[in-house]
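Participant: Got a sequence here, can you build the structure:
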Amino acid sequence: MKRIITVSIVTLVCLIGSFEVNAQSQSFKSKLNGTPYFEKNEYAIAIPAYESDLKRKKITRNESAYIETQIGISYYYLNNPKEAVNWLKKGMNKNYQTAETFCIYGLSLQKLEKYEDALVAFKECLQRDKNYPNIDLYIQSCEYALSHPDPNTETKMRSSKINTDGSEYGISPADGELFFSRASTKGRDIDPRTGLGFTEIFSTKLDGNDLTSPKKEKAFMKTYYNTGIFAYDSATNHMYMTTCDPKSGKCGIYRSTYNRRKWEKPEPFFINDSHDMAHPALSKNGTRLYFSSNAADGKGKTDLWYVDRKSEDQWGEPVNLGEKINTSGREEFPFIEGDSILYFASDGHPGYGGLDIFAVSIDGDEFGEVINLGRPFNSGADDFNLISFSNKGLLISSRNTSKSDDIYIFDKKDLPSPPRKQKPKPELEPEPEPEIIPEVIPEIIPEKTTPKPTPVKPATNVVAVIYFDFDRFVPQREYRNKYKEIVALMKAYPNAEFEISGYADSRGGPEFNQELSEKRADYVAKRLVDRGIKQNSLVIKGYGNTRPAIRNAITEEEFQKNRRVEIRVIQTSK
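Facilitator: The predicted structure follows:
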């Protein structure tokens, strides 16, 4: 995966530490042109340097096998599995066969979705080293891929027309636009670790099933810095972003403010000298910030964490999401959907190869079962950075091995929904018993009596609107005490018929939204009947997400207005 953020966060070291070189001495390796670049993870420079080493006149078969293996490993880290397989084969055919060479060879085959061959390679690795790190996971992932081979053919995954031969990644929604990072294959300044140019930032918009021609956002760029993954807080007009300094290799979260129709220069927000912080994602209202970090007290290479906002500019201590989410591998690229679903990328859970995209339901600080989104959302290559925007979903993938990371677009309704955390089925909140007021005969003083107020009819045929939280059919708490008021308004229409119409926002599939909207309408209708409204005066309907109050909703506030029940007059004799 050719992106500077991941390269910076995850230290690219050999999977088992030092490379075993029984046939070569340290003096031989130190004399190779490619060695100093390889040791600094500068693989784009290491490859041509090693190739020049192969042209030396006095070189043994074992020495050439070692160099070819190093070239193969370099190609693997540059996300070129085809070349990695070719070069590793050369070295292995000359009997340079260690646990590591078989493992890297298997991981390269896995990226090419040659799972049966990869499984053989992983088992050869295991034979040579029973304690090889993560080898059980690699075997398990191959077996998972072989047992889950077929994609959902109804889900269409479209490569965007704005993709280039370089790397497009870090796509993020912000204030009606989409921001993303692009690293070119050409240019004066090439990152020696990736072979790509340093990142430039662009903005684009959805146009039907694709994206508009991108425009460069110079405010987010500093010379020789790489920036990507944005989180926009509409309440404060702040943009949080990952920024990495390729000279030091350090990544942190920076913040920019939108002021006078332009973005100000990003300033450090969450940075730490001892570890990296990246990939910010905000919950609704900006009260919780999720991010990825390689902090030493994490579970693996990179973990997902969050911090809660205490006040306008004060945040609490970072909290690790725990072992259900985080593994010994990489967990990165969080994205929060409606405060109820977390999408993230991981290579530590069983999957199809490289980074896969996973989803888990959120209920407060508790998580449900983690699911792999399956094909076509995942492939043997790296799949990550899933977001939703309007009625579309987008993700980044390196599945086209002739290119680098690309943007793919799909319909949001096709996203699988993770199961909610299993809890004892709660009873619906009991309605309060009617308060019985003892009969009191007041003293009649006519001149001081006040006439009983008459409810005022609404100006339109909509009597009331009741709102709901995401995926709930019981109204928000503030509306549960307003039935008396609503009933009074309805009784201002004698002999009228009312439609109790339920609606859902655009998240979730059509069948799910239809059922949810019906439940919302039915729940409200029962509460009204309990309070004296005649059942035969009500028409109860659910419209799913077919009649949004706000079309093409983007912000959580806009989605909120679509999750509603409307009570409207549809017929009246007077």
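Participant: how far away is the residue lying closest to S160 once chain neighbours are set aside from F367?
Facilitator: Take S160 and drop its neighbours on the chain: the residue closest to it by C-beta to C-beta, 6 or more residues apart in numbering is I407, 4.3 Å away. For the C-beta atoms, the positions are set from N, CA and C on the backbone; glycine is no exception. For I407, the distance to F367 equals 28 Å [C-beta to C-beta, to the nearest Å].
Participant: E515 now?
Facilitator: Applying C-beta to C-beta, the value for E515 to F367 is 24 Å.
Participant: What is the least confident helix or strand in the chain?
Facilitator: helix 4-9 (a mean of 35; mean pLDDT, DSSP states H and E).
Participant: Mind giving me the packing neighbours of the helix or strand just after that helix?
Facilitator: The first helix or strand that comes after helix 4-9 along the chain, using DSSP states H and E, is helix 26-31. Packed against helix 26-31, as judged by 3 or more C-beta pairs under 8 Å, 6 or more residues apart in numbering; DSSP states H and E, are no other helices or strands.
Participant: from the chain's centre, how far out does helix 26-31 sit?
Facilitator: 44 Å (C-alpha atoms, centre = their mean, to the nearest Å).
Participant: buried stuff in the helix or strand just after that helix?
Facilitator: The element immediately downstream of helix 26-31 (helix or strand, assigned by DSSP H and E) is helix 35-39. Buried residues in helix 35-39, counting neighbours by 16 or more other C-beta atoms under 10 Å, are found at 35, 37-38.
Participant: before we move on, what about stretch 286-299?
Facilitator: 286, 288-295, 298-299.
Participant: circling back: beta partners of the residue nearest to S160?
Facilitator: Residues in a beta bridge with I407, per DSSP bridges, are I396.
Participant: Angles on the backbone of F470, please.
Facilitator: Backbone torsions for F470, taken as degrees, to the nearest 10, come to phi -60, psi 130.
Participant: Excluding residues flanking it in the chain, which one is nearest L54?
Facilitator: Distances taken as C-beta to C-beta, 6+ apart put I67 closest to L54, at 5.5 Å, once the chain neighbours are dropped.
Participant: coming back round to it: quick one, which of I407 and F367 is more surrounded?
Facilitator: Taking neighbours as other C-beta atoms under 10 Å, I407 and F367 compare with I407 leading, 24 against 17.
Participant: Now name the helix or strand holding E557.
Facilitator: Per DSSP H and E: E557 is located in helix 556-562.
Participant: do R255 as well
Facilitator: Here R255, judged by DSSP H and E, is contained in strand 250-259.
Participant: Using PDB, list the CA coordinates for that strand.
Facilitator: Output of strand 250-259 as PDB, limited to C-alpha atoms (Å, rounded to 0.1, in the frame of the first residue of the first chain):
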ATOM      1  CA  LYS A 250       6.600  11.600  12.800                       C
ATOM      2  CA  CYS A 251       2.900  11.900  12.300                       C
ATOM      3  CA  GLY A 252       0.400  13.900  14.300                       C
ATOM      4  CA  ILE A 253      -3.100  15.400  14.100                       C
ATOM      5  CA  TYR A 254      -3.300  19.000  13.100                       C
ATOM      6  CA  ARG A 255      -6.200  21.400  13.100                       C
ATOM      7  CA  SER A 256      -7.300  24.100  10.600                       C
ATOM      8  CA  THR A 257     -10.100  26.700  10.900                       C
ATOM      9  CA  TYR A 258     -12.300  27.900   8.200                       C
ATOM     10  CA  ASN A 259     -12.200  31.700   8.300                       C
END
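Participant: So the residue nearest to S234 when sequence neighbours are not counted versus F470, what's the distance?
Facilitator: What sits nearest to S234 in space, not counting adjacent residues and going by C-beta to C-beta, 6+ apart, is T555, at 5.7 Å. Using C-beta to C-beta, T555 is found at 13 Å from F470.
Participant: neighbour-wise, which of the two wins?
Facilitator: Neighbours were counted for T555 and for F470 using other C-beta under 10 Å; F470 has more, 19 against 16.
Participant: Quick check: that one vs K484, distance?
Facilitator: In terms of C-beta to C-beta, F470 sits 27 Å off from K484.
Participant: what do you get for D129?
Facilitator: Applying C-beta to C-beta, the value for D129 to K484 is 72 Å.
Participant: Which of those two has more residues huddled nearby?
Facilitator: Just comparing D129 and K484: by other C-beta under 10 Å the higher neighbour count belongs to D129, 16 against 9.
Participant: Isn't that one up against A99?
Facilitator: Yes - judged on C-beta atoms under 8 Å, D129 makes contact with A99 at a distance of 3.8 Å.
Participant: how about the strands of the stretch 301-450 of the chain, start to end?
Facilitator: Ranges of strands within the stretch 301-450 of the chain are 303-311, 314-315, 319-320, 331-337, 341-346, 356-363, 366-367, 371-372, 383-389, 392-397, 406-411, based on DSSP state E, counting those that start in this stretch.
Participant: what would these look like in JSON lines with mean pLDDT?
Facilitator: Formatted as JSON lines, the strands of the stretch 301-450 of the chain follow (pLDDT from 0 to 100):
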{"stretch": "strand 303-311", "mean pLDDT": "92"}
{"stretch": "strand 314-315", "mean pLDDT": "88"}
{"stretch": "strand 319-320", "mean pLDDT": "95"}
{"stretch": "strand 331-337", "mean pLDDT": "95"}
{"stretch": "strand 341-346", "mean pLDDT": "96"}
{"stretch": "strand 356-363", "mean pLDDT": "94"}
{"stretch": "strand 366-367", "mean pLDDT": "90"}
{"stretch": "strand 371-372", "mean pLDDT": "96"}
{"stretch": "strand 383-389", "mean pLDDT": "94"}
{"stretch": "strand 392-397", "mean pLDDT": "96"}
{"stretch": "strand 406-411", "mean pLDDT": "96"}
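Participant: could those be laid out in TSV, adding distance to D273?
Facilitator: What follows is those, written out as TSV (distance: least, C-beta to C-beta, whole Å):
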stretch	distance to D273
strand 303-311	17
strand 314-315	18
strand 319-320	20
strand 331-337	21
strand 341-346	26
strand 356-363	31
strand 366-367	31
strand 371-372	36
strand 383-389	27
strand 392-397	29
strand 406-411	34
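Participant: who wins for proximity to R527 among those strands?
Facilitator: strand 356-363 (24.6 Å; C-beta to C-beta).
Participant: What pairs with the closest one, parallel or antiparallel?
Facilitator: Note on strand 356-363: by DSSP bridges, its sheet partners are strand 341-346 (antiparallel), strand 366-367 (antiparallel), strand 371-372 (antiparallel).
Participant: so that strand versus strand 392-397, what angle?
Facilitator: Orientation check (axes from the mean of the first three to the mean of the last three C-alpha atoms, to 10 degrees): strand 356-363 against strand 392-397 gives 130 degrees.
Participant: So what touches strand 356-363?
Facilitator: Strand 356-363 is contacted from outside by 324-325, 336, 339-347, 349, 351, 367-373, 377-378, 383-384, 386, 395, 415-421, 423, using C-beta atoms under 8 Å, 6 or more residues apart in numbering.
Participant: and the residues you listed, which are buried?
Facilitator: 325, 336, 339-347, 349, 351, 367-368, 370-373, 377-378, 383-384, 386, 395, 415, 417-418.
Participant: does R288 have beta-bridge partners, and which?
Facilitator: Applying DSSP bridges to R288 yields these beta-bridge partners: D308.
Participant: I'd like the distance between it and I362.
Facilitator: 10 Å.
Participant: okay, which residue is most central for the chain?
Facilitator: F335 (3.1 Å; C-alpha atoms, centre = their mean).
Participant: Contact partners for the closest residue to that residue other than its chain neighbours?
Facilitator: Of all residues not flanking F335 in the chain, Y343 sits nearest, at 4.5 Å (C-beta to C-beta, 6+ apart). Y343 is in contact with 334-337, 357-359, 386-387, counting by C-beta under 8 Å, 6+ apart.
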